[in-house]
Structures are given as C-alpha cells and as structure tokens.
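J.: Below: sequence and its predicted model.
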Amino acid sequence: MEKFASEIIIGLEVHVELDTKTKLFCSCPTKGSEEPNTRTCVVCLGMPGSKPVLNRKAVEFALKLCLALNCKISPELIFSRKSYFYPDMAKNYQISQYEIPLGTNGKLKLKDGKEICITRVHMEEDPASLIHPSGLKESQYVLVDYNRSGNPLVEIVTKPDLNSPDEARDFMKKLITVLNYLEIFDINSGIIKADANISIEESNYTRIEIKNITGFKEIERALFYEVERQKNETKSHKKIEQETRAWDSERGITFSLRKKETEEDYGYIIDTDLTIVEITDKLISETKKSMPELAHDKVKKFIENHKIKKEDAEILAAEKGLAEMFEKVAEEVDPVLAAKWLRRELVRVLNYNKKELHEVKIDEKHMIDLLKLVENKKITDNVAAKILEKLVENPFDVNEYVKKESLEAVSDVSELEKYCKESIAENPKAVEDYKKGEAKALNFIVGAVMRKSKGKATPKEVNEIILKLIK
Amino acid sequence: MLCHDFIKKIKNREIDIASHTEKIIDECKEINKEYNYFNTISAELALEQAKEIKKQLKNKDSKIKNKKLLGVAVSVKDSICVKNVETTAGSKILRGYKPLFDAFAIQKVKEEGGIIIGKTSQDEFGFGGFSANVGIGFKIPKNPFDIERSCGGSSGGAAGLSQKLDNHIALGESTGGSIAEPASFCGVYGLCPTYGRVSRNGLIDFSNSMDKIGPMGKTIDDVALMMDVIAGYDKNDSTSLNVKKENFESFLNKPIKGMKIGIIKEAFAEGVDREVEKNVYNGIYELEEEGAKTEEISLELPIKYGIATYYMIATSEASTNLAKLCGMRYGATEKLENSFNEYFTKVRSSNFGDEAKRRIILGTFARMSGFRDAFYLKAAKVRTLMINEYKKAFKKFDALASPTVPILPPKFSEIKKLTPLQHYLTDVMTVSPNVAGLPHINIPVGFEKNLPIGMLLIADHLQEGKLIQLGSAIEKGK
C-alpha cells in the first residue's frame, strides 16, 4: 500500500480540446456546421485507404502548453495506436501517444503556492460523439456523430498531489488561466473533460476512477460527492472496491461502471502511418519567443511597474481578460485606483450577475471613462458603482450617460449648503441628539443630504459642512 | 509490342482506342473464366475513359500528346482504392466498399491516360504467398503456365494477368514479397520500389511500415514506364519521400559495365531447388557477360531472422489495421442485434478468412503488455540491424542477387499440405528487403518443366534505376 500524508488523494487526467482551425490529422474544420456528420472526410471517418497527416498548428499549441507547464520536452514526437473496440472510434484505435509523451515532469502552482506535479502531457485525437436518444441507460440504439472525430486534444496527467476537491478546482482554474493566456483553448465552445482518481485514508486509499466529467465546475462537484460517498461507505463499514465510476451531473451522483480487476491492455504500437517529428531546440526557442506573457509574468510586472499590491496583482492576472483590461486602464488612470475598481467592483458586479468577463460587452474604454470621472472627482464612488452595474448589463457611453442623467458630483458648495440647511431644519431631533453626544445621529442628517443630492455629493464633504453649520 | 510503341499507335490513331478497349475488356472476361485474375472488371469506367480519350484525340487536344500511358490497360490490385469501384483487398468483410477517392497512384495513372480495367485478385489483405488465402467467396487465381499450380501471391492476379494480357501494366503491392514472388511464378517483371517512393495514400493497409505499391509487366520497359507515372511526393501520405523525381526510363539499355553484383551466399544454401539455382546463375552469368562484376557476400542476419522479424511487425500492424472492419461504416454487415461487442464479433467471425484471423490473433498477442518488449519491440530492433547489414553491403555493391523464390510454382494440392510455418518460409528471399524498405525486382531468367524462374535483385534505397538498368541488360541478352 502506498503511503500518503493526506487523508484525501486526488489525481487528474484532464483532456483539453485545442483551438485549431482544422482537425489533428485531416483538414476538416473543428468548428462550423452542427449538423451531424457534415464536418467529416475519409480520414476522420477511418475509411480504408485513407492516411493521417499531422496538423503542425496543433503541435505548436501542445508545445506551448508543455513549456508553460515547465515540462521536459521530448526531442521526438511519436504517435502510437491505442487499440480498443468502441462505436465512437472510427478506426477502433485512437491515435495517441504512449511511451514518449511530448511533455513530462511539469508543474503548476496553486493559489496557496503548492506545486502540483504534471506527470505527462500528450497529444491525441478525439473520438466521435455518441448520442443516446433516450438517455445513457434506456436507449435501444445510439447515433454516432463524427463531427468531433479527430479533433486535437491534449491530455494532462497530474500526480496524485491534490488533497481536496477544493484544490482540484483551484488546479483546474489555474490550468484554464494558462490555456487562456496561450490562446490555445476556446473557452466558449471548447470542451474540457477530466477523469479523476480519488481515494481516502479510511479505505486504505483504494483507488476509484471517475470517468468523463465534463466542465471544470463539474469536476469539483463530482469530487466533493465522491469523497462524501466514500466516507459514508467506510463509516457504515462497507468495503470500497477498486472500480470505475461515472458522473451523472443531472442527478449529482457517481455510479459504478465496472469493477476493475486488471488494467486494460490497449496493445500500443507505434503508428507508422505518421513519421517521427523532431522537436528541435530551434523549434522550442521559436515557440518560446512566440508565447505571450503568462499570469506569473503579469503579477511580477503589475507589482513592479504599477506598484499595486501583490494580492490585487494576483487576482487581476488570474484572468487574462481582466489582466489585459487592467494594463490598458492603468495607462490612463492611476493604477492603484484601476486595480481597486477592477478587482473589487468589476469582479463583484460580474459575480452578482453570474457572468465571466468574456461573456459581457464592457471593455477598457468604458472603464477608462468611468474611472477618469472618479479620479477627477466628477462623480462619486457611489454613482460610479451604480453606473458599473448598468454597464455590465448593457454598455453605453459613460460620459453621455452621466450628463444625461445629471449625475455629476455636486461641487457647488452653496447648493450643498442649501441641502444641509434644509436637512438640519427638517431633523431637529437628530441635531439635538448629536449635540447630546450621540455621534451616530450625525449620519442620519448626512443620509438625508445624500438623498436630496441623489448621491452626487460625497459623504465626507457633507459631513464637514453639517459640522460647520451646527457648531 | 512494348506499351511505349502501343501508345504511339494510339496517339497516331492507328488503333482506335474505344474499340481496342472493348476488345481488351472482352479478353479480360474470357481470361477470367479460366484463371480468376479479377475480383472486379471495371468495364464501365474503362469504356468511359476510352471514350473520353477518343474525344480528346479527335479534338486534337494539346494535352494528349504528353500523356505517358495513353490508352494502356492498367489493372489494379484489389487493395488499392479506385473511386466508385468495389475495393475489397480480397476480403468478404469489404464486400460493397466503393471508395470515395482514388489512391494517389490511380490519380496519376488516370492523369496520364491509363485505362483502369479492373481489380485483381489476391490473398485476403495480402496474407499469403500463393494467392490461395483468398477471402471467403473469392476465387483463387491460377498459374498462367499450369492451372493446377499457384501464380504466387499476394499480387497473384496482377502477375498472372501481366503474363496473359498484352498492352497492359499491372499495379501490384508488396509487404513481404507480394510483387516479386508472384512475378517470379508467372514469368514477368515486378518492381517493388523503395518504401515511400510511391504514395500509400489510397492503399488499404496491411503493414503500414512495409506496404509498397509497385508496377508489374511483361517487359522491363513497361515497368520503368509505370514507375515514371506513379513515383513522386504526395503531401497526403506522411511517409511519402520528398525526393527529386527520377526519369526511370532513362536507365533502360544503359550499359552495366563495371557494376558490382553481390551474390547472397545464404540464398543458395540447402532448401533451394537445384533447377532454380541453375537458372538464377544463368541470369548472373548474363550480367557478367554484359560487364558486371560479381562476388559472393554473406548476409546472415536477413536470411536467418528475416521471416521472424517480418511476421512480428507485419502481424502487429495488421491486427490494428483490420480493427476498423466491424460492419459499422462500410463493407459487409450482419443482422443488427445485441450489444456492439457482440455485433462486431459476429461480423468479424463470419467475414474474415482463416489466415486473416490467424494473423489478427498473432499480432494482437505480440502487442500485449508483457509480450510487446519480447516480440514487437525486439523485432523493431532487429529490423534496424538488418538495415545496417544491407547498408554495409551496398557500400560495396550496386545490387544483391538471389533466387526470388527457392522453389518452382507449387501445385495447389501441395500447398494444402503445408503448415503455416512452411508456407511463411517460401518468403525467405523476399521478406528481408521488404522489412528494410529496399527496392527489389524480379527478373525472369529461365524455364524448367515449362515453369518460369525468377532472379531477385535488391538495390540500396532509392536506387530503383540500377534495378531497371540491370533488368534491361538481361532482357536484351535473351
């Protein structure tokens, strides 16, 4: 039995679809018509006589990922045939990599600094998709759609270094950040799937594999469920056997697929239809040069150049879109102000709307306009926050909007004084209470002034005027 | 008549291409009744092509002048895809498969005005040396000199037809000797090119790392002509060699004075028929008379380990190649019932022949974890050693000589008595150059008991020209 330091042990095999225009071994498009079996050719249908030809772009993408994950790069790219019979396989073998994967021994850092070891990163082709017309178990027949057949995938395998579903989610989040930075994964339409190995101390770390969890939020859900299930089973003294389970996201449960006595034998051999591709030092250095800045580069840059806090820098850099927006906004307005507004207010509004940045139309121009008004005290924080909420829903020209709705901060002291005098006159009891020593009573009067000014006055200024007036 | 001269007559319209093609098709049908050289005769395609050529000739189309194969009948081994023509690789499991595309070699033949007359019979997927392992429901081709004997295999139909039909060139395919060996049994020339010289795109795989398409014909001139048509780089086959195009015809009638021929010592040892040996030596003497220098050379490794290495690699690769054949997307089907596993099993059990099943089992076994290192990977290493040994020999020699097959064409009644191992051993001369990807040629050198005997010449990678040069010298000497 293996010895582990933690009570929960999780390892992931993540499959990511690379965002190339064409498939891995033929020139069929990876996107386009959703009509079944329209994006196919003799190669991705596995027709006798057809031959695969490697898509170099996919190699470049996979290589970028390996480099970003600090992997050791194999000097040769070799493809193997993984043989098994299944209706979603056009050839009843999958072109994959076996003995010598493209990348080995990499790592990815979680937010708390813990390093997760990446055992291997390899390239392979996606099988077709199976459609069960009346559900996985009830269907009398399945339909096969080869549109996906032959799409390029990378498989990323971790060591069982993850110790909780939470860490697994964080790993996935970090991985997606890397994929986004590299622009090799289409977050809107690309598929990310994982198989997870999970075991707990109570069962002497009996390994359970959960197959085919689609979507990164599902991975945490499935793992969370599975940990609880295993704990409950061992609590009620049931023996946990090594098995493969599937995740049913609708019911939110895992269920047994098969008890595994032995490892499957895929009878790997080299695919001699494909020649060995040399991964030269020149190719590696060229690829490195063509790689964009990654999250940790951005963090460093934000701290050094923009003098913002490490914590803010990390949150901004974690999402490529946010980081890029910050860089542009920070050119026009005070970086510290920009950082505060992007990482607190914008993220808050997005979370409230359950949206990701790439899903909304707000852009750096909106943020610059808005924050310039804030910076120049043309509008109050309050007003700015409200405008931001509206911007996320449906963007508009900020300056025009402020003018149209007359939201500019009241800087005319006489007008403010007028509101203050009115409020003092209307709230004699509060004034009296304040004079008796109840400091809180002052807030009541300030609130009344703010209402009159429709939020256009800053509380600080109002405070000062009132104090002056009632002394 | 050489195809070269025939093409001139077609171009000058001394021969009417349309009626000539009709005559050829009738002749093929007649030959097929007795000899079973065709799985399919593509009469419709041939006549349509002939009609088109006739039209272009009539219109004095400028492009027609340069067509290298104008009007020549071309037969195609059944493992090579011809668009819309049933392509089975000799197996029941591919009955009904009409490819959606032409193989690269077929595209070239069509571009050069060659007329596709049909698909020739073969051992199922190329699994055999006598064309006796045809698929279920297919007919066994017979030797053109004696119908009780084998015409060799696996490109048996191609070889037999080359002997029987004039103004015709065949496209064969060799994995372990399937061009040279049947050519020897049928008394024709068969050139297996360097691996990668002719694109495999459109060839139904047997063993990907060894499969090669090559020409077979009655004369060395015809073989050289076809090489000029089908050789060349193809971006749709990753293993296609991107090398300068050669003019193979320019090697015809080129003097061979001073060329060095190595006579493989082990290839004339025990087990070689005396009559075969005598005739092959006659061929060697002819080369000497033309000015070639000969010397004995020992090539122990290829002769000793060739068969074992070949069958390990070939069956391993074949067992994965045949996996796709399961009655789901093309070819034979069975009644749809029960799980996919049961269905696939039913289709494969009732549509593969015995030898195909044997090789699937052998190959799957050799790939299993726990055995891979001992069999498949070991074989891959021996293959490298064999290539090294050949390479060393080619530093000294232009070509290496041996019999193509150690025996005369056997009777079908004798073949039936062979164990699978004895059957495999008849490939002893041809497997090794195939494993090493080296070009080799069968050159007819004589007859005994009215049966043809062939000599095998092997050259270094990409030196097909030398083989044509030497073959041409022997042909001239006859």
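T.: Yes, it's here.
J.: which SSE is B:P255 in?
T.: For B:P255, there is no enclosing helix or strand under DSSP states H and E.
J.: Surely it and B:L287 touch.
T.: No. With contacts counted by Cβ atoms under 8 Å, B:P255 stays clear of B:L287, the gap being 11.8 Å. For the C-beta atoms, the positions are set from N, CA and C on the backbone; glycine is no exception.
J.: and the two? which has more neighbours close in?
T.: In this view B:P255 and B:L287 are compared by other Cβ atoms under 10 Å in any protein chain shown, and B:L287 has more residues nearby, 23 against 11.
J.: State the distance from the more buried one to B:G477.
T.: Taken as Cβ to Cβ, to the nearest Å, the spacing of B:L287 relative to B:G477 amounts to 8 Å.
J.: ditto for A:V446
T.: The span separating A:V446 from B:G477 equals 117 Å under the rule Cβ to Cβ.
J.: Tell me which of those two has more neighbours.
T.: Under the neighbour definition other Cβ under 10 Å, A:V446 and B:G477 were set side by side, and A:V446 has more, 20 against 14.
J.: and the more buried one, that's in a helix?
T.: Yes. Assessed with DSSP: H, G, I helix; E, B strand; the rest coil, A:V446 lies in a helix.
J.: show me where the stretch 51-200 of chain B has strands.
T.: In the stretch 51-200 of chain B, strands defined by DSSP state E, counting those that start in this stretch lie at B:73-77, B:115-120, B:142-143, B:146-150, B:168-174, B:189-192, listed in chain order.
J.: tell me the most buried of the ones you listed?
T.: Across the strands of the stretch 51-200 of chain B, averaging neighbours per residue (mean count of other Cβ atoms under 10 Å in any protein chain shown) puts strand B:189-192 on top, at a mean of 33.
J.: Could you check the pLDDT of the residue of the stretch 51-200 of chain B found nearest chain A?
T.: Residue nearest to chain A within the stretch 51-200 of chain B: B:C81 (4.0 Å; Cβ to the nearest Cβ). The score at B:C81 is 98. That number is its pLDDT.
J.: contacting residues for it?
T.: Under the criterion of Cβ atoms under 8 Å, 6 or more residues apart in numbering or on different chains, the contact list for B:C81 reads A:P48, A:G49, B:T87, B:P99, B:F101, B:D102, B:A103, B:I106, B:G202, B:L203, B:I204.
J.: Filter these down to just the ones in helices.
T.: Mapping these onto helices (DSSP state H) picks out B:I106.
J.: how's chain A carved up into domains?
T.: Listed domain ranges for chain A are A:8-284, A:293-404, A:413-470 (source: automatic domain parsing).
J.: can you list the ones you listed in TSV and add mean pLDDT and distance to chain B?
T.: Shown next, in TSV, are the domains of chain A (pLDDT from 0 to 100; distance: least, Cβ to the nearest Cβ, whole Å):
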stretch	mean pLDDT	distance to chain B
domain A:8-284	93	4
domain A:293-404	90	33
domain A:413-470	83	66
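J.: closest one to B:S369 among those domains?
T.: The stretch from the domains of chain A with the least distance to B:S369 (Cβ to Cβ) is domain A:8-284; that distance is 5.3 Å.
J.: Between its first and last residues, how far does that closest one reach?
T.: Its start and end residues considered, domain A:8-284 measures 37 Å (Cα to Cα, to the nearest Å).
J.: which residues do B:P255 and B:L287 both contact?
T.: When contacts are counted by Cβ under 8 Å, 6+ apart, the set common to B:P255 and B:L287 consists of B:A473.
J.: How much space separates the residue of the stretch 51-200 of chain B closest to chain A from A:L357?
T.: From B:C81 across to A:L357, the span is 50 Å (Cβ to Cβ).
J.: go on, B:I24?
T.: Using Cβ to Cβ, one obtains 71 Å as the distance from B:I24 to A:L357.
J.: for the chain, which helix is longest?
T.: Went with chain A since none was named. Within chain A, and with DSSP H defining each element, the longest helix by residue count is helix A:216-235.
J.: that answer is for a different chain, and I need it for chain B
T.: Longest among the helix segments of chain B by residue count, using DSSP H, is helix B:300-321.
J.: Tell me the gap between that helix and the middle of its chain.
T.: Computed by Cα atoms, centre = their mean, to the nearest Å, the separation of helix B:300-321 from the middle of its chain amounts to 18 Å.
J.: in the stretch 251-400 of chain B, which ranges drop under the pLDDT threshold?
T.: Applying pLDDT under 70 to the stretch 251-400 of chain B flags no residue at all.
J.: Enumerate the residues of it near chain A.
T.: On the criterion Cβ under 8 Å from any Cβ of the partner chain, chain A has as its neighbours in the stretch 251-400 of chain B the residues B:316-317, B:319-320, B:323-326, B:328-330, B:340-341, B:344, B:364, B:367-369, B:372, B:376, B:380.
J.: Give me every residue in the stretch 1-150 of chain B that's in contact range of chain A.
T.: Taking Cβ under 8 Å from any Cβ as the measure of proximity, the stretch 1-150 of chain B contacts chain A at B:I80, B:C81, B:T87, B:A89, B:L94, B:Y97, B:P99, B:L100, B:F101, B:A103.
J.: go again using 10 Å as the cut-off
T.: Among all residues of the stretch 1-150 of chain B, those adjacent to chain A (criterion: Cβ under 10 Å from any Cβ of the partner chain) are B:79-82, B:87-89, B:91, B:94, B:97, B:99-104.
J.: What is the nearest of those to B:N143?
T.: B:S79 (21.0 Å).
J.: isn't the closest one right next to B:G135, touching?
T.: No. Under the contact definition of Cβ atoms under 10 Å, B:S79 does not touch B:G135, with a separation of 11.4 Å.
J.: Mutual contacts of the two, please.
T.: Shared between the contact lists of B:S79 and B:G135 (criterion: Cβ atoms under 10 Å, 6 or more residues apart in numbering or on different chains) are residues B:T88, B:A89, B:G90, B:S91, B:L94, B:Q122, B:D123, B:E124, B:F125.
J.: May I ask which two of those residues are separated the most?
T.: Set against one another by Cβ to Cβ, the shared contacts of B:S79 and B:G135 have their most distant pair in B:L94 and B:D123, with a gap of 13.8 Å.
J.: Tell me who's in contact with B:M1.
T.: When contacts are counted by Cβ under 10 Å, 6+ apart, B:M1 is found next to B:K8, B:K9, B:D166, B:N167, B:K218, B:T219.
J.: does it count as helix, strand or coil?
T.: coil.
J.: separation between it and B:F344?
T.: Plainly put, B:M1 is 51 Å away from B:F344 if you go by Cβ to Cβ.
J.: Read off the pLDDT value for B:G90.
T.: Note for B:G90: predicted pLDDT of 98.
J.: So it is in contact with B:Y97, correct?
T.: No. Counting by Cβ under 10 Å, B:Y97 is not a contact partner of B:G90; they are 11.9 Å apart.
J.: anything in contact with each of those two?
T.: Taking Cβ under 10 Å, 6+ apart as the contact definition, B:G90 and B:Y97 share the neighbouring residues B:I204.
J.: So A:R207 versus A:K310, what's the distance?
T.: Separation of A:R207 from A:K310 (Cβ to Cβ): 38 Å.
J.: More neighbours: which of these two?
T.: Comparing A:R207 with A:K310 by other Cβ under 10 Å, the one with more neighbours is A:R207, at 18 against 11.
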